[in-house]
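>>> Let me see the structure of the following:
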Amino acid sequence: MNPLRLRCEVSLKLFHYTSSIAAESILLQGIRISGRPHPGPQFGKDFDAVSLTSSSSSNGHALRNGECLVGSRRDLFVKSYPQYADSECIQFSDVTEVRLTVQIADDDPKLVSWSEYCRRLDAPKHFKWAAEFAALFSPCFEAFTLAEQSFVARKVEQRVVKLKGDTWWFYEGNVPKERIIKIEDRIDRPGKTKSKPEVSISHIIDAHYRLDWFGLERFHVGCP
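The predicted model follows:
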């Protein structure tokens with residue numbers, strides 16, 4: 001059997017989301033680490049890597065999506081990040097504009113799953129769940145009240161909302177441009193033909209309060 005063909009058969013196709021501005025340089029230089037270590041230094045370990053996922057959806061991965069925080073959401077966020085206190089609207093860049101597909105051998109030693117990463121950290125059991133849960137509110141967990149966070153936690157327990165941690169992968173160092181096999185614009189961003197929009201956590205909360213969206217017992221807003 002052709003060893004190259006065998007290698008292809010055991011490779012993984014994973015996704016990386018980025019902005020349209022960054023996509024051009026990525027196609028020339030590959031996917032480079034952001035310079036920000038993934039959570040780990042608090043356990044005495046550094047790990048600079050590119051984030052990848054097997055999920056074809058950009059939702060639930062703590063990715064900035066162009067959201068603008070105003071009003072009460074802005075005020076809650078500023079409590080955790082006072083450096084934004086002078087901003088009436090806190091605007092995030094959109095790193096979900098472009099989806100890159102990369103192909104990496106599943107036995108590549110630089111490729112690490114999220115579960116394996118947590119095991120290597122020897123992190124407390126709650127660390128893995130807490131990181132996956134916070135990612136649902138991406139990129140601004142702090143902009144939601146305790147009541148809203150409790151509401152979403154219930155939806156996770158009832159399996160109405162799914163955590164995405166089992167789709168997460170890290171690639172230690174930079175991903176070579178030769179590994180990129182496909183690049184796609186997100187179809188629902190401005191200027192593109194709209195498809196069915198992804199449901200964000202804020203939409204889930206708002207729809208439930210207005211319409212009792214899930215047909216379940218109404219959850220009243222208020223600190224637990």
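
>>> List the contacts of the residue positioned nearest the centre of the chain.
Taking CA atoms, centre = their mean as the criterion, residue 61 is the residue nearest the geometric centre of the chain, at 1.4 Å. By CB atoms under 8 Å, 6 or more residues apart in numbering, residue 61 lies in contact with 17, 51, 53, 55, 135, 138, 164, 168. For the C-beta atoms, the positions are set from N, CA and C on the backbone; glycine is no exception.

>>> Which of those fall in strands?
Taking DSSP state E, the ones among these that sit in strands are 17, 51, 53, 168.

>>> hey, what's the third one bridged with?
The bridge-partner assignment for residue 53, based on DSSP bridges, gives residue 15, residue 168.

>>> Tell me the spacing between it and residue 113.
With distances taken as CB to CB, to the nearest Å, residue 53 is found 11 Å from residue 113.

>>> Of those two, which one has the most company?
residue 53 (22 against 16; other CB atoms under 10 Å).

>>> what about the helices in this structure?
For the chain, the helices defined by DSSP state H occupy 3-9, 20-29, 71-80, 114-121, 125-135, 146-157, 201-211.

>>> still on that earlier bit, reformat the contacts of residue 61 as TSV; add distance to residue 174 and pLDDT.
Listed next are the contacts of residue 61 as TSV, based on distance: CB to CB, whole Å; pLDDT from 0 to 100:
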residue	distance to residue 174	pLDDT
17	17	93
51	12	91
53	17	95
55	22	93
135	23	88
138	23	73
164	23	92
168	18	94
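
>>> Pick the one among those closest to residue 96.
For these, the closest approach to residue 96 (CB to CB) belongs to residue 17, at 5.0 Å.

>>> who's in contact with that closest one?
Applying CB under 8 Å, 6+ apart to residue 17 gives the contacts 58, 61, 63, 95, 96, 98, 99, 100.
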